[in-house]
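> What follows is a predicted structure for the sequence shown.
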Amino acid sequence: MAAIQRYIGVMSGTSLDGIDVAVAEIDEDHFRLVAGETYPIPAQLRKQILALTQPSDNEIDRLGELDTALGELFAECVSTFIRTHQLKASDIHAIGSHGQTIRHRPERGFTLQIGDPNIIAARTNITTVADFRRRDLCFGGQGAPLVPAFHQALFTSNERSRIILNIGGMANITLLPPHIDSNLTGYDTGPGNVLLDAWITHSRQFSFDSSGQWAASGSVDQDLLTLLLSTEYFQQPPPKSTGRELFHLDWLLERLETYGQPVAPADVQATLAELTAITIAHEVARHNLDEVELYVCGGGAHNTHLMSRLEAHIQPRLIADTHALGLSPDWVEAAAFAWLAYRNLQQLSGNCPAVTGASQATLLGGVYPAFR
Ligand SMILES: Nc1ncnc2c1ncn2[C@@H]1O[C@H](COP(=O)(O)OP(=O)(O)OP(=O)(O)O)[C@@H](O)[C@H]1O
Ligand SMILES: CC(=O)N[C@H]1[C@@H]2OC[C@@H](O2)[C@@H](O)[C@@H]1O[C@H](C)C(=O)O
């Protein structure tokens, strides 16, 4: 049996709220998160990333420069992390780096995550696995979401169905029927925090709505909610995945203009929180699972108002965050990319065709070796 090895996962998600780094001990039947840290994204880099998520001029030069700058930043985060936790490069078997998604267009056959892994491997001298999504696209898959396979490996119960709900910038669910070999389902339900963040930044210059207090102070505008819910994505059957290409500030501003009536800013925020909660609840209801337990992860787990709106719309047997399953909601995604690096280096498939729609299971990621 292979010895337990340490892997680092690096995740910079669609919210652009920071870079999550986590280290885990992994082998065939063991996964233990050892530590996690979040590092800031410098304001200028964040601006550059956001600008590249929408079509604009001179994209290739800006893309190339940002790919390099993010590679350096991810490497720096890993090096700081290693020092903080009194580790050495030789203690880490590999890094799994998700990269920063700047464009996700599976319908056109591509998805793009940047942050040059050559730089990460060169600076840290640790083998780096990256570019996890594109092999799934080779087989007709969405390339996302990828975490359901990790959720299945860690969180399946033998007794009852579980749903793992990630509320990051986007929200995605994984439905885990009892027993690990049963059929898994998972997909992006739509916006998680991305519109809440965009609206509070636009209206009040805060980067996020702490505990959802601003949303809680407003009232849901039912007609505006109906208009937002008429978006085609919410009607589409899975497999499906989405991103900032669809859900962004201008998407909201255009709909507010179409709506044509003044809505108080706090009521817009309340309506956006309701949109996230209702679109998730619709998807949960669609699967009609008895006695289901729902576990939340991602930054949205800290939004008290959003959690209470979810509880109002979903009646599972239990609603809790993934702490209850032994993994902090803040580190699930970074932990998943540590696990995906492990899967790659063990020559094990990483995608889940039932989730992404790929025609087959496949190895995910490219390997950038250390030079020791
Ligand atoms: N205390 C809090 N109160 C309210 N919202 C919070 C709180 N903490 C985090 N969030 C929300 O969670 C977001 C970050 O979530 P997370 O780190 O899971 O996103 P991500 O990894 O970028 O997303 P994705 O899963 O889409 O890749 C923040 O932008 C914010 O909206
Ligand atoms: C293309 C892309 O980066 N998608 C992200 C995003 O953030 C949440 C949701 O949309 C999910 O589909 C995915 O991330 C996680 C890590 C995943 O692949 O499971």
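Nice, thanks for sending it over. Ligands and ions are numbered 1, 2, ... in the order given.

> make it CA atoms for all contacts and neighbour counts henceforth
Will do.

> got a list of what T279 touches?
189-190, 229, 234 (CA atoms under 8 Å, 6 or more residues apart in numbering).

> Could you tell me which of the residues you listed are located in strands?
189-190 (DSSP state E).

> got the contacts of T279 as JSON lines, with distance to T322, pLDDT and neighbour count columns?
Output for these, formatted as JSON lines (distance: CA to CA, whole Å; pLDDT from 0 to 100; neighbours: other CA atoms under 10 Å):
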{"residue": "T189", "distance to T322": "19", "pLDDT": "98", "neighbour count": "29"}
{"residue": "G190", "distance to T322": "21", "pLDDT": "98", "neighbour count": "24"}
{"residue": "L229", "distance to T322": "28", "pLDDT": "98", "neighbour count": "16"}
{"residue": "F234", "distance to T322": "26", "pLDDT": "98", "neighbour count": "17"}
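
> wait, which of the contacts of T279 is closest to ligand 1?
Minimum distance to ligand 1 across those is 9.7 Å, recorded for G190 (CA to the nearest ligand atom).

> ok, and the closest non-adjacent residue to R309?
Distances taken as CA to CA, 6 or more residues apart in numbering put A277 closest to R309, at 6.1 Å, once the chain neighbours are dropped.

> Could you point out the helix or strand that follows the helix or strand harbouring the one you found?
Counting by DSSP states H and E, the element that carries A277 is helix 265-286. Next helix or strand after helix 265-286 toward the C-terminus (DSSP H and E): strand 293-297.

> L348: what secondary structure?
The local conformation at L348, judged by DSSP: H, G, I helix; E, B strand; the rest coil, is coil.

> In this structure it contacts L363, no?
Yes: counting by CA atoms under 8 Å, L348 does reach L363; the two are 6.0 Å apart.

> just to revisit the earlier point, taking the contacts of T279 together, which two end up most distant?
T189 and L229 (11.8 Å; CA to CA).

> Have a look at L348 and L363 and say which one is more surrounded.
Regarding L348 and L363, a neighbour count based on other CA atoms under 10 Å identifies L363 as having more, with 18 against 15.

> OK, contacts around that one?
135, 343-344, 347-351.

> dump the residue contacts of L45.
L66.

> Which parts of the stretch 101-250 of the chain are helices?
Taking DSSP state H, counting those that start in this stretch as the test, the helices found in the stretch 101-250 of the chain are 117-124, 134-138, 147-155, 194-204, 213-217, 222-229, 232-235, 249-259.

> could those helices be laid out in TSV, adding distance to H179?
Shown next, in TSV, are the helices of the stretch 101-250 of the chain (distance: least, CA to CA, whole Å):
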stretch	distance to H179
helix 117-124	36
helix 134-138	25
helix 147-155	9
helix 194-204	33
helix 213-217	39
helix 222-229	34
helix 232-235	29
helix 249-259	40
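
> what's the residue lying closest to R105 once chain neighbours are set aside in contact with, if anything?
Setting aside the residues directly before and after it, R105 is nearest to T111 in space (CA to CA, 6+ apart), at 5.5 Å. Residues near T111 by CA under 8 Å, 6+ apart: 101, 103-105, 133-134, 143.

> same deal with G192?
G192 sits in contact with 167-171, 276, 300, where contact means CA under 8 Å, 6+ apart.

> For ChimeraX, what selects the buried ones among these?
Listed next is the ChimeraX selection for buried residues among the contacts of G192, using 16 or more other CA atoms under 10 Å:
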select :167,168,169,170,171,276,300
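
> Of the contacts of G192, which ones also sit close to ligand 2?
When contact is defined as CA under 6 Å from any ligand atom, these meet ligand 2 at 168-171.

> from these, which single one is nearest ligand 2?
Proximity of these to ligand 2 (CA to the nearest ligand atom) peaks at M170, which lies at 4.5 Å.

> what does the stretch 151-300 of the chain have sitting close to ligand 1?
Residues of the stretch 151-300 of the chain lying near ligand 1 (CA under 6 Å from any ligand atom): 167-170, 193, 197, 208-212, 298-300.

> Out of those, which sit inside strands?
167, 170.
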